[in-house]
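Engineer: Quick one: sequence plus predicted model below, questions after.
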Amino acid sequence: MTTIATWNVNSLNVRMPHLQQWLQSAQPDIVALQETKLDDPKFPDDVLASLGYRSVFCGQKTYNGVAILSRKPFTAECITAVPGLEDEQKRVIAATVGDLRIVDLYVVNGQAVGSEKYAYKLRWLEAVREWLRAELQAHPNLVVLGDFNIAPDDRDVHDPAIWNADSIHSSTGERAALQSLLALGLHDAFRLKNDGGGHFSWWDYRMGAFRRGLGLRIDLILVSDALKSRVAACTIDREPRTWERPSDHAPVVLELTDPYP
DNA sequence: ATGGTGGTGATACCA
């Protein structure tokens, strides 16, 4: 079995103790991180190495920043930008581990429907789609995971009246953009194993949202056609969200059976 | 009804 996780840590500086504790208890093979908020020289790759994880990372100060951790060696140079997209923001990293291609995304938040940041979100997702089209051609065993900042459908929001067609994270345009990624031949791994609503990966820090169960499922793991039959489980680990000074996101964990033979 | 919380870093900005 291979365990692959995604977690928006909202500052790796602050969350390093949480990450260490979680790595030790969950024992994932591969972890995609978002919002590390660290310049590359400050990335704690030595500490992670002492815990048994190699890392590749692409960060900046204060905002954004992504990384992939792996117990097994990376077997190709990593990519840290969307080909052909002009973008200062460090939001993507792709790496290869064994027979798996891993693409880690920190999708643009988008602020509000109709804003400039919303337009940037949709433009960015279009460029990512064209990149993923090429990645799929080159790497049939593709996992695309991260903070998508999009709740795929109404089961993925606590209140569809609040999170509606005009709200950021659930708008018609964002959901269409996500569907066009899936149309490349990708599958929302969580939905391969769970049908119901009320499963969330993010809760606002404000108004006791976590305690009251008011969340969204916006952290996703997508798998290619070739990997679909290897998905054994996909779960959201809410426990780290209960810890003191938590990230506002919970880790999402995919379990893949090993290829036969 | 606005502000409610948190990270960064020193003041607003982003989420």
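Structural biologist: That came through fine. Numbering: from 1, shown residues only, chains lettered A, B, ... in the order given.

Engineer: which parts of the stretch 51-200 of chain A sit against DNA strand B?
Structural biologist: A:61-63, A:108-109, A:111, A:117, A:149 (C-beta under 7 Å from any atom of the strand). To be clear about C-beta, it is placed using only N, CA and C from the backbone, and glycine gets the same treatment.

Engineer: Just list whatever residues bridge to residue A:7.
Structural biologist: Per DSSP bridges, the residues bridged to residue A:7 are residue A:33.

Engineer: ok, now how distant is it from residue A:33?
Structural biologist: 6 Å (C-beta to C-beta, to the nearest Å).

Engineer: Closest residue of chain A to DNA strand B?
Structural biologist: residue A:11 (3.0 Å; C-beta to the nearest atom of the strand).

Engineer: returning to that earlier point: got any residues that touch both of residue A:7 and residue A:33?
Structural biologist: residue A:19 (C-beta atoms under 8 Å, 6 or more residues apart in numbering).

Engineer: wait, doesn't the residue of chain A closest to DNA strand B sit right on residue A:33?
Structural biologist: No: in this structure, residue A:11 is not within contact of residue A:33 by C-beta atoms under 8 Å, at 10.7 Å.

Engineer: So those two - more neighbours on which side?
Structural biologist: The neighbour comparison of residue A:11 against residue A:33 (other C-beta atoms under 10 Å) goes to residue A:33, with 27 against 14.

Engineer: Quick check, pLDDT for the more buried one.
Structural biologist: As predicted, residue A:33 sits at a pLDDT of 98.

Engineer: again with residue A:201
Structural biologist: Confidence score, pLDDT, at residue A:201: 98.

Engineer: Quick check: bridge partners of the nearest residue to it once chain neighbours are set aside?
Structural biologist: Leaving aside its sequence neighbours, residue A:201 sits nearest to residue A:219 (C-beta to C-beta, 6 or more residues apart in numbering; 3.9 Å). Counting by DSSP bridges, residue A:219 forms beta bridges with residue A:147.
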